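Student: Can you look at this prediction? I've put the sequence above it.
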Amino acid sequence: MTLATTTQKRASKTPEAEVTRQPRQRDPEVTKARILEAAKKEFAKLGMAGARVEAIATRAKANKRMIYHYFGSKEELFVAVLEDVYADIRSAEQKLDLDHLSPEDAIVALTTHTWNYYLKNPEFMTLVNSENLHRARHVKKSARFKELHQGFISMLQRILDRGVAAGVFRSGVDARQLHITMAAIGYYYLTNRFTSGVIFDIDFMDKAALKSRLDFNIDTILRLVRP
């Protein structure tokens, strides 16, 4: 084989080799979303203190450097996760379009949605529990966290006002207290399902038990607001 032939073969391989060596382009938003999802699972499982950045990086198929680049620290990543999960539940509530339902139907829809959201997103409840153990130390630093909830109570108040005007709700119901009760009657059932299951000898996650509980929740909330 001549030197010219060898050189020609090497040259013919060079473009392909250069293509394979090109660095893969990353989409920062996709990477950040993947890190957030991985962090949500790790923080929900182990809490803020127990979760490890290395484990989050492995689950996200990223590396620690990228996590620190995008989020700064594990604590800031935890805040971002909390902002993300609360943004999700508030966004889901807005999609219910409750202002176009009758007052009673709106209350039933919101109560049902809250219950179903907890069932479909168990990480939400464990993350909320974790942050309450920290006395809301992390979310107090977040301007976005406070902004996420600005429209929620006013939305619930509009439903109550429409119900009073229609004569189907009593006046004087505090929208904040109603929301706390609406969340609590589903939240407590699910977060205490294991110990309560032993106490009452009931499978709290049985389909019939879940339906019975939702019916009870709806009835309870409607009794609170009706005249």
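Tutor: Received the coordinates, thanks. Numbering: from 1, shown residues only.
Student: The most centrally placed residue in the chain: which element?
Tutor: Centroid check for the chain by C-alpha atoms, centre = their mean gives residue 85 as the closest residue, at 2.6 Å. Using DSSP states H and E, the element containing residue 85 is helix 74-94.
Student: Enumerate the positions of that helix that are buried.
Tutor: 74, 76-86, 89-90, 93 (16 or more other C-beta atoms under 10 Å). Backbone N, C-alpha and C define where each C-beta goes, glycine included.
Student: pLDDT on it, on average?
Tutor: In this model, helix 74-94 has an average pLDDT of 95.
Student: Let me know the next secondary structure element after that helix.
Tutor: Immediately after helix 74-94, counting by DSSP H and E, sits helix 103-120.
Student: hang on, the earlier thing: any idea of the angle the helix holding residue 85 forms with helix 103-120?
Tutor: With axes from the mean of the first three to the mean of the last three C-alpha atoms, to 10 degrees defining the directions, helix 74-94 sits at 140 degrees from helix 103-120.
Student: Give the other helices and strands that helix 74-94 contacts.
Tutor: helix 28-50, helix 53-60, helix 64-71, helix 103-120, helix 122-133, helix 143-148, helix 152-166 (3 or more C-beta pairs under 8 Å, 6 or more residues apart in numbering; DSSP states H and E).
Student: From the rest of the structure, what touches that helix?
Tutor: Contact partners of helix 74-94, identified using C-beta atoms under 8 Å, 6 or more residues apart in numbering, comprise 35-36, 39-40, 43, 48, 51, 53, 56, 67, 71, 110, 113, 117, 121, 123-124, 127, 131, 138-139, 141-142, 144-145, 148-149, 151-152, 155.
Student: Residue 188: which of the buried residues of helix 74-94 is nearest?
Tutor: Proximity of these to residue 188 (C-beta to C-beta) peaks at residue 89, which lies at 17.2 Å.
Student: Distance of that closest one relative to residue 159?
Tutor: 17 Å (C-beta to C-beta, to the nearest Å).
Student: Same check on residue 134?
Tutor: Distance, residue 134 to residue 159, by C-beta to C-beta: 33 Å.
Student: Neighbour count for those two, which is higher?
Tutor: residue 159 (24 against 15; other C-beta atoms under 10 Å).
Student: how many other residues sit next to the closest residue to residue 214 other than its chain neighbours?
Tutor: In this structure, residue 214 finds its nearest non-sequential neighbour in residue 115, 5.3 Å apart by C-beta to C-beta, 6 or more residues apart in numbering. Residues contacting residue 115 under the criterion other C-beta under 10 Å number 22.
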